[in-house]
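>>> Any chance you can model this:
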Amino acid sequence: MYLEILKINVRRFMIERGWNKAELSRQSGISPAFICEIVDGTGNPSIKTLEAIAKALNVEAPRLLEHHVNDTWIGDAIKLPPGYERVSAILPTFDAYLVKKKAMETQMKLNKLKSKTSKRKRPSKKS
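Okay, here's the model as predicted:
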């Protein structure tokens, strides 16, 4: 999950700066091959590597791993069930905390719903 979040955030920051993988490699001192792996979501970087990428992108390292549930970068392709909608808002800190807490609870409900749905779709095994 975190590799996917990292991939999305690094891509977003690169797009905001107009950078390609080669530029991020040059700015961070990380090999082009490993930058490709990170941007593709297959690389598993160390903390030092995350720090180098964050420094190059001029962001704090924890921002590379922030999960934005409502962020369109995370998945416009994710189809939401009826009765749910994706929103984005700027809120005071405490209100944002409450919304994030509610978003996590909702995500857990959606995961359970998805799990139940996928179990029903599985063909039964015949011995």
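>>> contacts and neighbour counts: CA atoms only from here.
Fine.
>>> tell me which element the residue nearest to D40 when sequence neighbours are not counted falls in.
Spatial nearest neighbour of D40, excluding adjacent residues (C-alpha to C-alpha, 6 or more residues apart in numbering): K7 at 6.5 Å. Element membership for K7, per DSSP states H and E: helix 2-17.
>>> One more: N111?
Here N111 is assigned to helix 93-121, by DSSP H and E.
>>> Next: Q27.
helix 21-28.
>>> now that helix against helix 2-17, angle please.
90 degrees (axes from the mean of the first three to the mean of the last three C-alpha atoms, to 10 degrees).
>>> and helix 21-28, what does it pack onto?
Here helix 21-28 touches helix 32-40, helix 47-57, going by 3 or more C-alpha pairs under 8 Å, 6 or more residues apart in numbering; DSSP states H and E.
>>> Take these and lay them out in TSV including distance to M1.
Formatted as TSV, the helices and strands packed on helix 21-28 follow (distance: least, C-alpha to C-alpha, whole Å):
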stretch	distance to M1
helix 32-40	13
helix 47-57	16
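>>> For those helices, give me JSON lines that also has mean neighbour count.
Below are those laid out as JSON lines (neighbours: other C-alpha atoms under 10 Å):
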{"stretch": "helix 32-40", "mean neighbour count": "17"}
{"stretch": "helix 47-57", "mean neighbour count": "17"}
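>>> want to try TSV for those helices, with mean pLDDT and distance to K112 as columns?
Output for the helices and strands packed on helix 21-28, formatted as TSV (pLDDT from 0 to 100; distance: least, C-alpha to C-alpha, whole Å):
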stretch	mean pLDDT	distance to K112
helix 32-40	95	27
helix 47-57	97	32
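>>> hang on, the earlier thing: tell me how far the residue nearest to D40 lies from F13.
10 Å (C-alpha to C-alpha, to the nearest Å).
>>> thinking again about what came up before, so which of the helices and strands packed on helix 21-28 gets nearest P82?
Closest approach to P82 among the helices and strands packed on helix 21-28 (C-alpha to C-alpha): helix 32-40, 31.2 Å.
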